[in-house]
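In: Build me a model:
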Amino acid sequence: MEPVIYKTDYLSLIKAKTSDKFIFKIANDLFEKGYSIFKFPEIDFENIANNIKKDLSNNFDFDHWKQYGWPNNSGLRIQDGWVKNSNIKKIASNEKIIEILSICFGKKAFPFQTLNFPVGTQQPKHMDTFHFSSIPKNFMCGLWVALEDINNDAGPLELYEKSHRLSFNISEEIKQKPDLTFEEKEEIYQKIWNNEIEKNNLKRKIFIAKKGECVIWLANLLHGGSKQNNPNLTRWSQVTHYYFKDCKYIVPAQTKHNKEIFYKENVYDISTGKKVFYSFISKLKNLTNL
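Out: Coordinates of the predicted model:
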């Protein structure tokens, strides 16, 4: 079982569900490039974005970041701000986005995590699959949206086109050294991904987004935050991570080897605020009892 968007006949399967050419365009981008850029489908986006920035600004110590965070290539963030902020929740729960993802993947999409950034993340390239994955695999994706015009010196998002075609497996080195720290595991994968980029001649795209532009990326797409050259600039944005119903949710970064899978607990559907239960495994158990 795999997402519709990973199948060679994805377009015919999607056309059986919708006649929306906007969705066709996004689906084609996802299949060919691993990401799709478009205007976020929210009529009141201007006010929503401005209110998020206003509400969150006092949560950050920008002076401290400029002195200690920026030189060390770190950023600022608030995780799961949707719990207290209705505008963050509104972006994450956008009905058109959920419709697009549900059709492209063939399962009902739901937002499970938000991240809000006032500056560039300066985060090394990575696959979200390293942090979040699923059984069946690849039923996860991310969406980033600009809450303001992004300056080239503010650490814009970087994407590696077609890198979604690379496979992700727990490396043999990590299997042999199960007690490695997260940072040590990440360093191993950076070497692997650098080799893959060179071997496959993958090109880096810098996304200089305008306010309201967004990008959906597949779980295996390499992406990150480029160096923020000017610490006096902001780079307000929001990331929402999506899972899909009827799956099991796992965290490969915390998995020691194939026989001990680390399952993600307390997964919530942001749009409803309710916990999502692992109905996929329940269905498998029911099938084996037939």
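In: contacts and neighbour counts: CA atoms only from here.
Out: OK.
In: Next one: the closest residue to Tyr6 other than its chain neighbours, what pLDDT does it get?
Out: What sits nearest to Tyr6 in space, not counting adjacent residues and going by Cα to Cα, 6 or more residues apart in numbering, is Phe31, at 6.5 Å. Note on Phe31: pLDDT of 97.
In: Phe31 sits in which helix or strand?
Out: Assigned by DSSP states H and E, Phe31 belongs to helix 21-33.
In: The residue nearest to Tyr6 and Ile5 touch, don't they?
Out: Yes - counting by Cα atoms under 8 Å, Ile5 is a contact partner of Phe31 at 6.0 Å.
In: Compare the two (neighbour count), which wins?
Out: Ile5 (25 against 22; other Cα atoms under 10 Å).
In: quick revisit: next SSE downstream of the helix holding Phe31?
Out: Assigned by DSSP H and E, the successor of helix 21-33 is strand 35-39.
In: Of all the residues in that following strand, which ones are buried?
Out: For strand 35-39, a neighbour-count test (16 or more other Cα atoms under 10 Å) marks Tyr35, Ser36, Ile37 as buried.
In: What residues of the helix or strand following that strand count as buried?
Out: Sequence-wise, the next helix or strand downstream of strand 35-39 (DSSP H and E) is helix 45-56. In terms of neighbour count (16+ other Cα under 10 Å), helix 45-56 has its buried residues at Phe45, Ile48, Ala49, Asn51, Ile52, Lys53, Leu56.
In: would you list these in TSV and tack on pLDDT and distance to Pro71?
Out: Compiled in TSV, those are given as follows (pLDDT from 0 to 100; distance: Cα to Cα, whole Å):
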residue	pLDDT	distance to Pro71
Phe45	98	33
Ile48	98	31
Ala49	98	28
Asn51	98	29
Ile52	98	26
Lys53	97	24
Leu56	97	23
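In: need those residues in TSV with distance to Leu222, can you?
Out: As requested, the buried residues of helix 45-56 are exported to TSV (distance: Cα to Cα, whole Å):
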residue	distance to Leu222
Phe45	27
Ile48	29
Ala49	26
Asn51	31
Ile52	27
Lys53	27
Leu56	28
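In: Where does pLDDT dip in the stretch 151-290 of the chain?
Out: 168-178, 180, 182, 253-263, 278-290 (pLDDT under 70).
In: Please, where are all the strands along it?
Out: Listed in chain order, the strands found in the stretch 151-290 of the chain under DSSP state E, counting those that start in this stretch are 157-160, 204-207, 213-218, 223-225, 237-244, 248-250, 268-269, 274-275.
In: Which of the ones you listed sits closest to Asp80?
Out: strand 237-244 (9.2 Å; Cα to Cα).
In: which helices and strands sit right next to the closest one?
Out: When contacts are defined as 3 or more Cα pairs under 8 Å, 6 or more residues apart in numbering; DSSP states H and E, strand 237-244 packs onto strand 109-117, strand 140-146.
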